[in-house]
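Engineer: below is the sequence, then the predicted model.
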Amino acid sequence: MKITETVLKGCYIFEPHVIEDERGVFFESFKKNELENALGHTIDFVQDNQSISKKGVLRGLHFQKGKAAQAKLIRVIDGEVLDVVVDMRTDSPTYSEHFKINLSGWNKKILFIPKGMAHGFLALSDRVVLAYKCDNYYHPEAESGIVYNDKSLSIDWEFPDKDLILSDKDLKLPKFSEL
Ligand SMILES: Cc1cn([C@H]2C[C@H](O)[C@@H](COP(=O)(O)OP(=O)(O)O[C@H]3O[C@H](C)C(=O)[C@H](O)[C@H]3O)O2)c(=O)[nH]c1=O
């Protein structure tokens with residue numbers, strides 16, 4: 001497993017060791033000890049989520065507030081996304097900065113984002129199956145987010161705005177400065 005820290009401290013990219021044979025492919029997609037060694041602390045995931053999206057769907061940017069904040073381990077099982085993480089940790093040197101990465105069933109890259117991040121992704125392929133682990137349960141009352149096109153964040157989604165598909169909820173999310 002190759003581990004790379006991103007520009008956002010505590011946010012890591014894991015590239016699993018992929019074993020191929022005449023039947024196909026095998027790889028370990030999560031190993032608690034390897035993740036904890038990279039993080040330098042324990043982590044206990046309590047909920048797995050999965051979403052299926054069509055091309056042009058943009059989910060996010062989401063986070064849960066306060067004690068409900070979630071660290072996430074994100075991977076794409078099938079298809080490809082542009083994944084975006086925004087650093088909301090006020091004490092971080094990269095506060096308000098974002099990191100982008102393409103995650104896909106082909107590159108098998110796995111992204112770990114710590115608590116204090118807003119997360120979103122854009123589906124680039126016709127069908128995307130994205131699965132992620134969370135270290136805190138879903139708390140709808142603690143849900144919040146940042147509108148995807150907040151100019152202060154300068155996120156280039158690399159996709160025609162007219163072709164994006166967002167929920168009404170996501171279109172009404174506040175700007176970073178309004179949080
Ligand atoms: C997140 C969540 C949602 N739901 C229900 C609430 C709605 O009835 C339905 C769809 O929820 P939502 O539109 O918030 O789903 P996404 O837009 O995929 O949200 C996710 O997308 C971004 C990229 C994330 O990183 C978050 O984990 C998560 O907010 O599932 C649940 O029952 N449990 C859950 O944990």
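Structural biologist: Done, it's in.
Engineer: so what's the residue count around residue 150?
Structural biologist: 18 (other CB atoms under 10 Å). C-beta: built from backbone N, CA, C; applies to glycine.
Engineer: from the ligand, how far out is it?
Structural biologist: Counting by CB to the nearest ligand atom, to the nearest Å, the gap from residue 150 to the ligand is 16 Å.
Engineer: show the contacting residues for that residue.
Structural biologist: 175, 176 (CB atoms under 8 Å, 6 or more residues apart in numbering).
Engineer: what values do phi and psi take at it?
Structural biologist: Dihedral angles of residue 150 (phi, psi; degrees, to the nearest 10) stand at phi -60, psi 110.
Engineer: please apply the same query to residue 153.
Structural biologist: According to degrees, to the nearest 10, residue 153 has phi -90, psi -20.
Engineer: from residue 125, how far off is it?
Structural biologist: 25 Å (CB to CB, to the nearest Å).
Engineer: wait, residue 19 touches residue 28, no?
Structural biologist: No. Residue 19 is beyond contact range of residue 28, at 9.2 Å (criterion: CB atoms under 8 Å).
Engineer: for the protein, which residues are neighbours of the ligand?
Structural biologist: By CB under 6 Å from any ligand atom, the residues of the chain that approach the ligand are 49, 51, 59, 60, 62, 119, 120, 121, 138, 167.
Engineer: of the residues you listed - the most surrounded one?
Structural biologist: residue 121 (29 neighbours).
Engineer: pLDDT at that one, what is it?
Structural biologist: Residue 121 is assigned 98 on the pLDDT scale.
Engineer: contact partners for it?
Structural biologist: Taking CB under 8 Å, 6+ apart, one finds 58, 59, 60, 81, 82, 83, 84, 103, 130 in contact with residue 121.
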